[in-house]
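K.L.:
okay, predicted coordinates and the sequence, questions at the end:
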There are 2 protein chains.
Amino acid sequence: MNPKKEDRRVERTRMLLHEALMALILEKGYESVTVQDILDRANLGRSTFYCHYRDKDDLFLKGFDHLHSMLERQHAVAQESGADNPAGFNLSLELFRHAQQNYRLYKALVGRQSGQMLTSHAHTLLTAFVRTHLTDLCTGSKNGPASAELLAHWLASSFLSLLTWWLDNNLPCSAEEIDTLFRKLSLPGVESVIGQSLSH
Amino acid sequence: MNPKKEDRRVERTRMLLHEALMALILEKGYESVTVQDILDRANLGRSTFYCHYRDKDDLFLKGFDHLHSMLERQHAVAQESGADNPAGFNLSLELFRHAQQNYRLYKALVGRQSGQMLTSHAHTLLTAFVRTHLTDLCTGSKNGPASAELLAHWLASSFLSLLTWWLDNNLPCSAEEIDTLFRKLSLPGVESVIGQSLSH
DNA sequence: TCTGTAATGAACATAGCGTTCATTATTGGC
DNA sequence: GCCAATAATGAACGCTATGTTCATTACAGA
């Protein structure tokens, strides 16, 4: 019953699959990786894969939950460091830097060649994260049809748009510069809609 | 040699295929429409399809070029009506209205359920269109790494983000309202980056 | 050592794609 | 109205990839 005592073969197998997928993503891009590719790379049997995961997306997303943890951690940090940064926007620079450090992986995942799956998932995570931070800012302001939901959706799109451009153009500027650009492009719009100045 | 004198069976066949695809998109969404579905609906043979088009995307995009024509026409109108609207942004309202009129189709095409293909194509078209209008605004301004290319990319993303949200939420407000929102969100950012005020 | 559980992998069923080719239908030119 | 050129047909095929089944084997832990 103790999960730790669960057969460690399981954990090992899952790790093998995940690592094989990651390596293949770097080589071919997510979309063109096939289940058979993963199996060959990990030296595992076909049925083994389907014992653990429903399909390729499932394998990837299960391993991708660490981004969610990362967002949560960032959330906690933002909370304790007080309101020196508004609406969790400080996350953007961290993400740009992380993308810079893991350039090839990010490009394979979120670049033009990648598919819908990941971008869509990342958008969902980002939107959810930003929304929680925006809710307080939006309540009480006469923003008409502009809900926190809409703003979060738009901000996530704005961020991913710049990230994609940055990666597809092979990092033509530093993470700090692209982050500055992101803020200069996005924050004025948010301010003008919620009618409230955000400290920057 | 006169293209008009080309066998009119060709034109008819292509129209049948295109209409079948459109009808099916409304029913099942673009991604889940299969070539066989189109064939069954159009009552055409499999080989006939591949005589005319490379694959499903090809069929769709060939028929989709009318949006490109629409953009070109809009371009011409903007040219002759003078510079009363900056940067071709007057296009946005037209597109929102068109989306409202063809609600079900747009939702099937650009909504959450749709795939990458169309969104990506629309993004490319929009980016190209906006870029030509931005080039003059950007030259001569000290915008650092912010190129017209980047701004166009970002603006297209911003527009598509709002369009998607609007459609996925079943048109919670009017086309005019969502367009106003688009401008309020996007234009301040553009102004702050190119350091130049855009009319209203 | 024994026992339950995980891994195996070959075989199968399914689905969709894109091609081929011999045959049939239609059209425009005469 | 007839003919030659061209378009449409559709069944059959090969291919790739998916996801499932099941009897067998390997192994970790008590």
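P.N.:
Structure's in. What do you need? Here the structure is a predicted model, which is why all the values come from computation and not from measurement. Numbering: from 1, shown residues only, chains lettered A, B, ... in the order given.

K.L.:
mean pLDDT per helix and strand in chain A: which one sits at the bottom?
P.N.:
Considering only helices and strands, the least confidently modelled element of chain A by mean pLDDT, DSSP states H and E is helix A:56-80, at a mean of 75.

K.L.:
ok, which stretches of chain A are helices?
P.N.:
With DSSP state H as the definition, chain A shows helices at residue ranges A:8-28, A:35-42, A:46-52, A:56-80, A:91-101, A:103-110, A:116-138, A:148-168, A:175-194.

K.L.:
need those helices in TSV (columns: mean neighbour count).
P.N.:
Backbone N, C-alpha and C define where each C-beta goes, glycine included. Compiled in TSV, the helices of chain A are given as follows (neighbours: other CB atoms under 10 Å in any protein chain shown):
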stretch	mean neighbour count
helix A:8-28	15
helix A:35-42	16
helix A:46-52	13
helix A:56-80	14
helix A:91-101	18
helix A:103-110	18
helix A:116-138	18
helix A:148-168	23
helix A:175-194	21
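
K.L.:
in terms of mean pLDDT, which of those ranks lowest?
P.N.:
Out of those, helix A:56-80 stands lowest, with a mean of 75 (criterion: mean pLDDT).

K.L.:
what does chain A put close to DNA strand C?
P.N.:
A:6-7, A:9-10, A:12-13, A:43-48, A:51-52 (CB under 7 Å from any atom of the strand).

K.L.:
if we go to 6 Å?
P.N.:
A:Asp7, A:Arg9, A:Val10, A:Thr13, A:Leu44, A:Gly45, A:Arg46, A:Ser47, A:Thr48, A:Cys51 (CB under 6 Å from any atom of the strand).

K.L.:
what residues go with each domain of chain A?
P.N.:
Following automatic domain parsing, one finds the domains of chain A at A:7-53, A:64-194.

K.L.:
out of those domains, nearest to B:Ala108?
P.N.:
domain A:64-194 (15.1 Å; CB to CB).

K.L.:
would that closest one count as contacting DNA strand D?
P.N.:
No. With CB under 6 Å from any atom of the strand as the threshold, domain A:64-194 lies outside contact range of DNA strand D, at a closest distance of 12.2 Å.

K.L.:
so how far is DNA strand C from A:Glu19?
P.N.:
Spatial separation of A:Glu19 from DNA strand C under the definition CB to the nearest atom of the strand, to the nearest Å is 14 Å.

K.L.:
correct me, but that residue touches A:Ala42?
P.N.:
Yes. Between A:Glu19 and A:Ala42 there is a contact under CB atoms under 8 Å: 7.5 Å.

K.L.:
enumerate the residues of chain A near chain B.
P.N.:
If contact is defined as CB under 8 Å from any CB of the partner chain, the residues of chain A in contact with chain B are A:112, A:115-116, A:120, A:144-146, A:150, A:153-154, A:157-158, A:160-162, A:164-165, A:172-173, A:177-178, A:181, A:184-193.

K.L.:
if we go to 6 Å?
P.N.:
With the criterion set to CB under 6 Å from any CB of the partner chain, chain A comes near chain B through A:115-116, A:145-146, A:150, A:153-154, A:157, A:161, A:165, A:173, A:177, A:181, A:184-186, A:188-189, A:192-193.

K.L.:
what's the closest of the residues of chain A next to DNA strand C to DNA strand D?
P.N.:
When the residues of chain A next to DNA strand C are ranked by distance to DNA strand D (CB to the nearest atom of the strand), A:Ser47 comes first, at 3.3 Å.

K.L.:
what's stretch A:42-49 in contact with?
P.N.:
By CB atoms under 6 Å, 6 or more residues apart in numbering or on different chains, the list of residues contacting stretch A:42-49 from outside reads A:Leu16, A:Leu17, A:Ala20, A:Leu39.

K.L.:
closest one of those residues to A:Glu31?
P.N.:
Proximity of these to A:Glu31, judged by CB to CB, is greatest for A:Ala20, which lies at 16.2 Å.

K.L.:
quick one: the closest one from DNA strand C, how far?
P.N.:
Using CB to the nearest atom of the strand, one gets 12 Å for the distance from A:Ala20 to DNA strand C.

K.L.:
go ahead and confirm that residue touches A:Asp40.
P.N.:
No. With contact defined as CB atoms under 6 Å, A:Ala20 does not count as touching A:Asp40 (8.3 Å).

K.L.:
B:Pro188 is in contact with A:Gly189, correct?
P.N.:
Yes. With contacts defined as CB under 6 Å, A:Gly189 counts as touching B:Pro188 at a distance of 5.2 Å.

K.L.:
roughly how far apart are the most centrally placed residue in chain A and DNA strand C?
P.N.:
What sits nearest the mean C-alpha location of chain A, by CA atoms, centre = their mean, is A:Ala122, with 4.0 Å. According to CB to the nearest atom of the strand, A:Ala122 stands 27 Å off from DNA strand C.

K.L.:
again, but for A:Lys184
P.N.:
Computed as CB to the nearest atom of the strand, the A:Lys184 to DNA strand C distance reads 43 Å.

K.L.:
and if you look at A:Leu26?
P.N.:
Taken as CB to the nearest atom of the strand, the span from A:Leu26 to DNA strand C is 23 Å.

K.L.:
list the contacts for that residue?
P.N.:
Going by CB under 6 Å, 6+ apart, the list of residues near A:Leu26 reads A:Arg104, A:Ala108.

K.L.:
could you do A:Arg14 as well?
P.N.:
With contacts taken as CB under 6 Å, 6+ apart, A:Arg14 has the following neighbours: A:His52.

K.L.:
once you drop chain neighbours, what's closest to A:Arg131?
P.N.:
A:Ala152 (3.8 Å; CB to CB, 6 or more residues apart in numbering or on different chains).

K.L.:
please look at the one you found and A:Phe129 and confirm they touch.
P.N.:
No. A:Ala152 sits out of contact with A:Phe129 when judged by CB under 6 Å, with a separation of 8.0 Å.
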